[in-house]
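Visitor: Quick check, what structure comes out for this input:
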Amino acid sequence: MQIYKVGGAVRDRLLGRPVADIDWVVVGASAEEMQARGFRPVGEDFPVFLHPQTGEEYALARTERKSGQGYGGFTFYASPDVSLEEDLLRRDLTINAMAEDDQGRVIDPYGGQRDLEARLLRHVSPAFAEDPLRVLRVARFAARYAPLGFTVAPETLELMRQLAESGELQALTAERSWKEISRALLEPRPDVFIQVLRDCGALAELLPELDALFGVPQPAAHHPEIDTGVHTLAVLRQCAEHHQPLTVRWACLLHDLGKGLTPESEWPRHIAHEHRGVRLIGEVNQRCKAPRDCAELAMLVGEFHTHGHRALELRPNTLLELLQRFDIYRRPQRFEEFIAACEMDARGRLGLEQRDYPQADYLRGAAAAARAVSVQPLLEKGLKGAELGEALSRERLKALKAYKEARTP
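Guide: As a prediction, the model looks like this:
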């Protein structure tokens, strides 16, 4: 029985990056032998065991064969006679198909170290094209390692294109897709993730509403980059540079979907794109099974981001309606994330990445003014129910009028 460190732990050590999780492969052992040594079985599809002391996962060396559609359409063969090279051959990229023995020696049968030096994401074998999930995985790795200069090898991009055209991407479950998409959006270059998906035709299959934004012009006065899709990528990049959470990144990804529905005769203007986009955002949320916090913020940002940009011009009653829609009294964090998304949208414009966004402080101040209104005096007057709610709204409106007057030069 031989045990090897494999995959990401080897890759990241060679890149000089922190190693988070370690995967282990066991060659020359059976499931019975692993259990006899105290390892606890946890794998349903193939033999994976937990180490009796560390709790780390150890998988028996295995091969796999395509047996159906989608990510789960494989049969696995695990046996003591499966070699390390055979196990590594089934992996996606050469940089993930390296192993390390207990002496620190690297076993690299498929050129992973060469591709690390060349900064290439290259598939290990033609079997890459059997697993549609790998399209998303490679795009995610591209988003992670783009700052180091990594790109997708042309021949790998071609296999990804074939997968996109085959219809296999439709066999992916929403849960698996969301796991990859959400992880990719949190990488250092989430814009690269979207661009790679678009380059291989996968974006049109997975998020056609987003793909439709590329080539749609916007007014140059507000958007020097012109193209709505290019703008979305720039907004995502701003999200990463400002370390925004997943909720904000997801909202920013979808905020302009309505512009894809604007008739060409109305280009480059997009009147009421916010309202048109709400339906599309809802459909994408549902199809991707986005978590509730991501889905809700995306809907609100899509509908109200232009309110954010026009915050200083909003009338007090419009401002109050906005604050109430966000339920700032019980959900203050959601409004803060809305402000962040608006700021990223404003900065995601060619040449305007560093400009000030005074609307952020203005909106925070307005929320603070509304929250400062006390309900106690109204309760002491004996108000309750709908009457109390109306009186509280009137007091908050007064507070917002005073706030606006104080902020107006």
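
Visitor: use CA for all of it now, contacts and neighbours both
Guide: Will do.

Visitor: Give the buried residues for stretch 400-409.
Guide: For stretch 400-409, the neighbour count (16 or more other Cα atoms under 10 Å) marks 400-401, 403-404 as buried.

Visitor: Excluding sequence neighbours, find me the nearest residue to Ala370.
Guide: In space, and not counting its chain neighbours, Ala370 is closest to Arg396: 5.1 Å by Cα to Cα, 6 or more residues apart in numbering.

Visitor: avg pLDDT for the helix or strand hosting the one you found?
Guide: When elements are assigned from DSSP states H and E, Arg396 belongs to helix 385-407. Mean per-residue pLDDT for helix 385-407: 94.

Visitor: helices or strands up against that helix?
Guide: helix 316-325, helix 359-371, helix 376-380 (3 or more Cα pairs under 8 Å, 6 or more residues apart in numbering; DSSP states H and E).

Visitor: These into CSV, with extra columns for distance to Leu157 and mean pLDDT?
Guide: Shown next, in CSV, are the helices and strands packed on helix 385-407 (distance: least, Cα to Cα, whole Å; pLDDT from 0 to 100):
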stretch, distance to Leu157, mean pLDDT
helix 316-325, 44, 97
helix 359-371, 41, 97
helix 376-380, 64, 89
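
Visitor: Ok, which of those comes nearest Ala97?
Guide: helix 359-371 (46.7 Å; Cα to Cα).

Visitor: count of neighbours near Lys384?
Guide: Neighbour count of Lys384, defined by other Cα atoms under 10 Å: 13.

Visitor: How is this structure partitioned into domains?
Guide: For the chain, automatic domain parsing gives the domain ranges 1-118, 380-409.

Visitor: Quote the end-to-end distance of the first one.
Guide: Taking Cα to Cα, to the nearest Å, the span from the opening residue of domain 1-118 to its closing residue is 34 Å.

Visitor: Centre of the chain to that domain, how far?
Guide: 27 Å (Cα atoms, centre = their mean, to the nearest Å).

Visitor: Once you drop chain neighbours, what's closest to Val196?
Guide: That would be Ala139: by Cα to Cα, 6+ apart, it lies 5.6 Å from Val196.

Visitor: Check what pLDDT that neighbour gets.
Guide: Model confidence at Ala139 (pLDDT) stands at 98.

Visitor: Same question for Pro52.
Guide: 92.

Visitor: next one: phi and psi at it?
Guide: phi -60, psi -30 (degrees, to the nearest 10).

Visitor: Also Ser83?
Guide: Here Ser83 shows phi and psi, under degrees, to the nearest 10, equal to phi -80, psi 160.

Visitor: can you check Leu207 too?
Guide: phi -130, psi 70.

Visitor: contacting residues for it?
Guide: Val284 (Cα atoms under 8 Å, 6 or more residues apart in numbering).

Visitor: any idea how far it lies from Gly260?
Guide: 12 Å.

Visitor: for His305, same thing?
Guide: Taking Cα to Cα, one finds His305 at 16 Å from Gly260.

Visitor: helix or strand right after the helix-or-strand element of the chain with minimal mean pLDDT?
Guide: One helix or strand of the chain scores below all others by mean pLDDT, DSSP states H and E: strand 74-78, with a mean of 69. Downstream of strand 74-78, the next assigned helix or strand under DSSP H and E is helix 84-89.
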